[in-house]
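Peer 1: dropping the sequence and predicted coords here.
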Amino acid sequence: MVSTTEIKNRARFGIQDLDNALDGGIPRGSLVLIEEDTGAKSQILQSKFIADGLLNNEYCYIFNMEHPPQAIVSSLNVFGLEPEENINNDQLIIIDGFTDAFGWGEFVSKWKYVCHDLASITEVHNVVKEAIADIKPYNNLRGVVDSLTTLILASDSERAILNYIHHQMAIQKNYGTTTLYTIHMGAHRPELIKALEHIVDGVIWISKVEVDDEPRDVIQIKKLRDSKYSSRKYFFNADEEGATLEIMKKRP
């Protein structure tokens, strides 16, 4: 049985089957890579991770580069939250890396924290640092960065991105911040994916497969430091409100 102290030292998704498979959740201070294939229902992992933090009075940030920020905020309503109120009281911080992500200046973001040039890893670092600078205690903070793929494709240097991830891990270990970084598997060289998997604390893989001519989502925890996690593959049954894991039975 997981003790109360161990639970507090972990950031849960609020998806019971997944938290159980993770040995109670993600250890605080971890950087976890969510590897997603096209069409897989991975968004629920991000939404539930943030929702669980807000429901437990933690501070949360979302650095969004792939969708209009308001759409991300609205997706939290289904969990009984009032995200606009969380934003107003600075419990939920939105970093807009979508509206003017490459410095065209054609659109003006309404959000307080905006990254205007994703090609500049220094600007990316500085905007995140500014956004969370006043949050205390630091070990009460979780975040989602969606996506690492966008940062990699915007950058002229894969090495700069790898160095940035190394740096972010050092920061998280000092402050106890727990962050999910999403990445789209098919968009990158296998060697780069392997390098990232080696660096980060955890890897959760979610894909879509054909089973009896029907598409099914499959999830697997490929790595999680300091945890007795389950590495088996599960069917991932998800909708906008939550998800369950179903053991994949071997075929005769």
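Peer 2: Perfect, thanks for sending it. Since the structure is predicted, the reported quantities are computational estimates derived from the model, not experimental observations.

Peer 1: what sits closest to residue 150 if chain neighbours are left out?
Peer 2: The spatially closest residue to residue 150, leaving aside those adjacent along the chain, is residue 65, at 4.2 Å (Cβ to Cβ, 6 or more residues apart in numbering). Yep, even glycine has a C-beta here, placed from its N, CA and C like the rest.

Peer 1: number of nearby residues for that neighbour?
Peer 2: Residue 65: 21 surrounding residues under other Cβ atoms under 10 Å.

Peer 1: can you pull the contacts of it?
Peer 2: Applying Cβ atoms under 8 Å, 6 or more residues apart in numbering to residue 65 gives the contacts 97-98, 101, 115, 118, 146-147, 150-151.

Peer 1: please give the element, helix or strand, for residue 105.
Peer 2: Residue 105 belongs to no helix or strand when elements are defined using DSSP states H and E.

Peer 1: now it: closest residue in space, sequence neighbours ignored.
Peer 2: Excluding the flanking residues, the one nearest residue 105 by Cβ to Cβ, 6+ apart is residue 116, at 8.0 Å.

Peer 1: that neighbour: what's it in contact with?
Peer 2: Counting by Cβ under 8 Å, 6+ apart, residue 116 has contacts 100-101, 103, 105, 123.

Peer 1: put the buried members of those into a PyMOL selection.
Peer 2: Of the contacts of residue 116, the buried ones go into a single PyMOL selection, burial set by 16 or more other Cβ atoms under 10 Å:
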select buried, resi 100+101
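
Peer 1: quick check, nearest of the contacts of residue 116 to residue 237?
Peer 2: Nearest to residue 237, judged by Cβ to Cβ, of the contacts of residue 116 is residue 101 at 33.4 Å.

Peer 1: I figured the closest one hits residue 118, correct?
Peer 2: Yes. Counting by Cβ atoms under 8 Å, residue 118 is a contact partner of residue 101 at 4.9 Å.

Peer 1: beta partners for the residue nearest the centre of the chain?
Peer 2: Nearest to the mean C-alpha position of the chain, by Cα atoms, centre = their mean, lies residue 180 at 2.6 Å. In this entry, residue 180 is beta-bridged to residue 32, residue 144, by DSSP bridges.

Peer 1: tell me how far it lies from residue 121.
Peer 2: With distances taken as Cβ to Cβ, to the nearest Å, residue 180 is found 19 Å from residue 121.

Peer 1: before we move on, what about residue 35?
Peer 2: Computed as Cβ to Cβ, the residue 35 to residue 121 distance reads 21 Å.

Peer 1: more neighbours: which of these two?
Peer 2: For residue 35 versus residue 121, neighbours defined as other Cβ under 10 Å are more numerous around residue 35 (22 against 19).

Peer 1: which one is that one nearest to, not counting chain neighbours?
Peer 2: Take residue 35 and drop its neighbours on the chain: the residue closest to it by Cβ to Cβ, 6+ apart is residue 205, 4.5 Å away.

Peer 1: contacting residues around that neighbour?
Peer 2: 35, 185, 219-222.

Peer 1: out of those, which are inside strands?
Peer 2: 35, 219-222 (DSSP state E).

Peer 1: and the longest helix seen in the chain, which residues are buried?
Peer 2: Longest helix in the chain by number of residues, with DSSP state H as the criterion: helix 158-175. By 16+ other Cβ under 10 Å, the buried positions in helix 158-175 come out as 161-162, 164-165, 168-169, 171-172, 175.

Peer 1: just send those back as a markdown table, with distance to residue 195 and pLDDT too.
Peer 2: Conversion of the buried residues of helix 158-175 to a markdown table gives the following (distance: Cβ to Cβ, whole Å; pLDDT from 0 to 100):
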| residue | distance to residue 195 | pLDDT |
| --- | --- | --- |
| 161 | 10 | 95 |
| 162 | 6 | 96 |
| 164 | 13 | 96 |
| 165 | 9 | 97 |
| 168 | 15 | 95 |
| 169 | 13 | 94 |
| 171 | 20 | 91 |
| 172 | 19 | 92 |
| 175 | 24 | 89 |
